[in-house]
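K.L.:
The amino acid sequence is not available; the structure is as follows:
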């Protein structure tokens with residue numbers, strides 16, 4: 001699969017890059033030792049790759065991968081998701097705010113659909 005970067009460059013999908021982008025921010029948390037963290041991130045990676053494969057295209061935008069990562073992290077560990085966001089967007093406050101708003105909209109839609117099924 002090809003990843004279309006924000007800079008318009010195209011490169012081959014790298015599992016190691018995605019893994020590293022998740023592992024490093026999570027290591028700052030005190031909830032796991034490094035061995036358990038590796039296994040936890042591996043579980044997250046399996047879910048992410050499952051979602052990426054569902055897209056069923058030859059190319060995917062890096063933003064799409066980022067949103068999939070955030071979606072999976074939000075299910076597994078909210079604090080991990082926030083650490084990932086802070087790590088990825090530490091130099092770009094506007095982008096951090098944009099992503100947070102997108103996530104809030106997604107969460108809001110889920111809440112509304114849950115309320116509809118209850119009523």
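P.N.:
Good, I have the coordinates. Owing to the predicted nature of the structure, the values given are computational and were not obtained by experimental measurement. Numbering: from 1, shown residues only.

K.L.:
Can you say which helix or strand has residue 3 in it?
P.N.:
strand 2-4 (DSSP states H and E).

K.L.:
partner strands of the next helix or strand after that strand, parallel or antiparallel?
P.N.:
Downstream of strand 2-4, the first helix or strand assigned by DSSP H and E is strand 10-12. Strand 10-12 sits in its sheet next to strand 2-4 (antiparallel), going by DSSP bridges.

K.L.:
contacting residues around the residue most central in space within the chain?
P.N.:
Closest residue to the average C-alpha location of the chain: residue 69 at 1.6 Å, with Cα atoms, centre = their mean. Residue 69 makes contact with 18, 21, 22, 44, 48, 84, according to Cβ atoms under 8 Å, 6 or more residues apart in numbering. No exception for glycine: its C-beta is placed from N, CA and C like everyone else's.

K.L.:
Kindly reformat those residues as CSV containing neighbour count.
P.N.:
Below are those laid out as CSV (neighbours: other Cβ atoms under 10 Å):
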residue, neighbour count
18, 22
21, 16
22, 26
44, 23
48, 21
84, 23
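
K.L.:
Helices - which of those land there?
P.N.:
18, 21, 22, 44, 48, 84 (DSSP state H).

K.L.:
Show the residue spans covered by the helices in this protein.
P.N.:
So, for the chain - with DSSP H - the helices run 15-26, 34-55, 62-76, 78-88, 93-118.
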